[in-house]
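Trainee: for reference, the sequence and a predicted model appear below.
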Amino acid sequence: MNLQVLGFLIENESYIESIADQTKVDSGATFGIVKLLLASGGDLGKLSGKQTYHYENVIKPLLENVQCEGPIGMFEDDDGNWVSSCVSGGVIDDESLYQCYLEEDFKCQTCRYDSDHM
């Protein structure tokens, strides 16, 4: 678990609040769970059933399998769906995730390199 990203999410509430609103869960409770995870070094075993629900539905999507927007960003395909222009699998690696949040630029290492050299 990326504790650096968890710390960032506490300081930048909008990410958690957005997903909490979409999933109709209490963002205040979710913030408490993020603080608990930070204090326990990311130990998921400390979570109760309800807390695990918050983790799985709000926190985990911000930490794992975060989608890369690709070197040219998101675009609409012929069917009207928004898709990524990522050329390397579509998921941001854990090492790049914190930087992505800091810069609000969600690209994997490959797409970040490509966009820097376009």
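Mentor: Great, that's in hand. Numbering: from 1, shown residues only.

Trainee: surely residue 118 touches residue 71?
Mentor: Yes: using CB atoms under 8 Å, residue 118 is in contact with residue 71, at 6.5 Å. For glycine as for every other residue, the C-beta is placed from the backbone atoms N, C-alpha and C.

Trainee: which one of those two has more residues nearby?
Mentor: Between residue 118 and residue 71, counted using other CB atoms under 10 Å, residue 71 has the larger neighbour count: 21 against 7.

Trainee: for that one, grab phi and psi.
Mentor: phi -70, psi -30 (degrees, to the nearest 10).

Trainee: what of the one 5 residues further on?
Mentor: The main-chain torsion angles of residue 76 are listed as degrees, to the nearest 10 and equal phi -90, psi 130.

Trainee: against residue 93, how distant is it?
Mentor: The gap separating residue 76 from residue 93 is 26 Å, by CB to CB, to the nearest Å.

Trainee: got the contact list for the nearest residue to residue 20 once chain neighbours are set aside?
Mentor: Of all residues not flanking residue 20 in the chain, residue 27 sits nearest, at 3.7 Å (CB to CB, 6 or more residues apart in numbering). Applying CB atoms under 8 Å, 6 or more residues apart in numbering, we find residue 27 in contact with 13, 16, 17, 20, 21, 58.

Trainee: same question, residue 4
Mentor: When contacts are counted by CB under 8 Å, 6+ apart, residue 4 touches residue 98.

Trainee: work out for me the element it sits within.
Mentor: helix 3-11 (DSSP states H and E).

Trainee: show me what counts as buried in whichever helix or strand comes after that helix.
Mentor: Counting by DSSP H and E, the next helix or strand C-terminal to helix 3-11 is helix 14-23. Residues 15, 16, 19, 20 are the ones in helix 14-23 that count as buried (16 or more other CB atoms under 10 Å).
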